[in-house]
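Undergrad: Please find the sequence and the predicted model below.
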Amino acid sequence: MSSTEISIEFPLADQAATEALAARLAAIVRPGDVLALWGDLGTGKTVFARAFIRAWSRREEEVPSPTFTLVQTYDGPGGTVYHFDMYRLTAPDEAYELDIEDAFAEGISLIEWPDRLGPLLPAGRLDIRLGHGPVRGSRTAALSAPGAWNPRMKEAGLA
């Protein structure tokens, strides 16, 4: 990792802590941002995405998992959030059918299973790696991104 990149780790004691982290990040995103949610099944990717979308939209709306639709969109005060679940992709090029280019250019993209995008995954993204914590029900989050994210991470009290 170069000196211009940032890397931060957080313990997440429970689901509320995951939701609080998501809300802090929702406060600093802007159109064109890509957040890649990494982690095994059950590590909180969908919990994070739901909390992020609700905080960003400032509405307590239903946020279904896009497991079968592959993408759900949410309009809000700062544009559109695209919530992708790439688990069912068999090849990166299939993402073009989901308007991923528009999402990357104009929207805010939350991507579960980002590894399925291969070379289509933008380099300037914020990686959020969620894992199981040492105590039952706890999680961990490791955030890494290019240095351009640093001022916004400081604004959110995360750096």
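TA: Sure, I can see it. For clarity, every value in this text was computed on a predicted model and none was experimentally measured.

Undergrad: part of a helix, is residue 154?
TA: Yes - per DSSP: H, G, I helix; E, B strand; the rest coil, residue 154 lies within a helix segment.

Undergrad: Number of residues surrounding it?
TA: 12 (other C-beta atoms under 10 Å). In this view, the C-beta of every residue, glycine as well, is placed from N, C-alpha and C.

Undergrad: Against residue 24, how distant is it?
TA: Taking C-beta to C-beta, to the nearest Å as the measure, residue 154 falls 12 Å from residue 24.

Undergrad: Could you double-check that residue 81 lies in contact with residue 74?
TA: Yes - counting by C-beta atoms under 8 Å, residue 74 is a contact partner of residue 81 at 4.6 Å.

Undergrad: Beta-bridge partners for the closest residue to residue 38 other than its chain neighbours, please?
TA: Sequence neighbours aside, residue 129 is the residue nearest to residue 38 in space, at 4.4 Å (criterion: C-beta to C-beta, 6 or more residues apart in numbering). Counting by DSSP bridges, residue 129 is bridged to residue 38, residue 142.

Undergrad: What ranges in the protein fall below the confidence cut-off?
TA: Residue ranges of the chain with pLDDT under 70: 1-3, 59, 62-68.

Undergrad: still on that earlier bit, hang on, the residue nearest to residue 38 packs against residue 141?
TA: Yes - with contact defined as C-beta under 8 Å, residue 129 reaches residue 141; the gap is 7.0 Å.

Undergrad: Near residue 46, how many other residues are there?
TA: 19.
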